[in-house]
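> I'd like to go over a predicted model; first the sequence, then the structure.
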Amino acid sequence: MCPFCYIGKRKFEQALQRFDGRENVAIGWHSFQLDPNMKSQPGKDVHTYLAEIKGQSREWSLQMHEQVTNTAKAVGLTYNFNIAVIANSFDAHRLIQLAKKHGKGDAAEERLFSAYFTEGKDTSDHATLIELAVEIGLNKEEVITMLAGAAYSNEVKADINEAAEIGVRGVPFFVFDRKYAISGAQSPDVFVQVLEKSFGEWREKHPVLQMEEAEDGNFCTTDGGSCN
């Protein structure tokens with residue numbers, strides 16, 4: 001639900017396409033809630049919501065969302081905040097954890113981002129989550145069973161706790177080989193630099209892989225979900 005996370009995903013993907021070692025990069029998505037206590041509010045628009053939690057006018061909120069919309073457009077994304085639905089993200093995170101089990105974590109992230117920011121879908125609604133899950137190839141009955149219970153709740157909470165332990169206070173937050181971190185939706189150039197540095201150091205510790213190769217900004221914070 002952080003607009004800069006979707007933007008950051010696109011910028012990282014652009015960087016990855018420029019990175020020569022991309023075939024050796026494994027991407028793992030982790031859960032993080034900006035506001036775990038957020039209540040789903042399908043009747044309230046996001047402009048009013050942000051204005052209220054930040055103590056600002058609705059006009060200020062409209063301007064902020066317009067700026068973010070333009071930033072998203074620059075990386076090929078379409079944001080429709082006028083139809084966005086305020087919703088608690090916990091069950092959506094459980095769905096992502098299930099998708100990761102089947103090697104579809106990235107597909108789940110992409111589909112949920114698009115559903116929320118572009119299509120105005122309620123990503124806390126179970127029927128909607130089931131529909132999105134089936135679209136990316138997950139088993140419908142398995143998703144229904146998961147949503148009906150508490151499955152993958154511990155995995156979501158574990159990710160959130162780990163983020164707190166390493167000092168994450170806002171998203172997007174990228175960690176490379178558990179050594180280097182990038183906070184915010186930085187430019188592709190920044191991502192490329194860190195990819196090259198972390199991969200170069202990792203490759204030194206994996207000489208066999210090295211021989212095979214020879215052959216062959218912006219962020220959202222936890223203070224009520226504000227974005228800068």
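On my side now, so go ahead.

> Surely G217 is in contact with D189?
No. With the criterion set as Cβ atoms under 8 Å, G217 and D189 do not qualify as a contacting pair; they are 11.8 Å apart. No exception for glycine: its C-beta is placed from N, CA and C like everyone else's.

> V134 in helix, strand or coil?
Assigned with DSSP: H, G, I helix; E, B strand; the rest coil, V134 falls in the helix class.

> check contacts around it.
K140, V143 (Cβ atoms under 8 Å, 6 or more residues apart in numbering).

> So for G217 and D189, which sits in the more crowded spot?
Each of G217 and D189 has its neighbours counted (other Cβ atoms under 10 Å); G217 has more, 16 against 11.

> In which helix or strand does the more buried one reside?
Secondary-structure assignment from DSSP states H and E places G217 in no helical or strand segment.

> go on, L62?
helix 58-73.

> residues making contact with that helix?
When contacts are taken as Cβ under 8 Å, 6+ apart, the neighbours of helix 58-73 outside the stretch itself are 3-4, 6-7, 46-48, 50-51, 54, 78-79, 81, 117, 218, 227.

> among the residues you listed, which two are most distant?
Taking Cβ to Cβ as the measure, the contacts of helix 58-73 reach their widest spread between K54 and T78, a distance of 24.5 Å.

> Would you mind telling me which of these two has more residues around it?
More neighbours sit around K54 than around the other of K54 and T78, counting by other Cβ under 10 Å; the figures are 15 against 11.

> Low-confidence regions, this protein specifically.
Applying pLDDT under 70 to the chain picks out residues 207-216, 222-228.

> those helices in it, which residues are they?
The residue ranges that make up the helices of the chain, judged by DSSP state H, are 3-18, 46-54, 58-73, 90-101, 105-117, 126-135, 140-148, 153-165, 188-204, 207-215.

> Let me know which of those helices is tucked in deepest.
For those, the largest average neighbour count (mean count of other Cβ atoms under 10 Å) is found in helix 90-101, namely a mean of 22.
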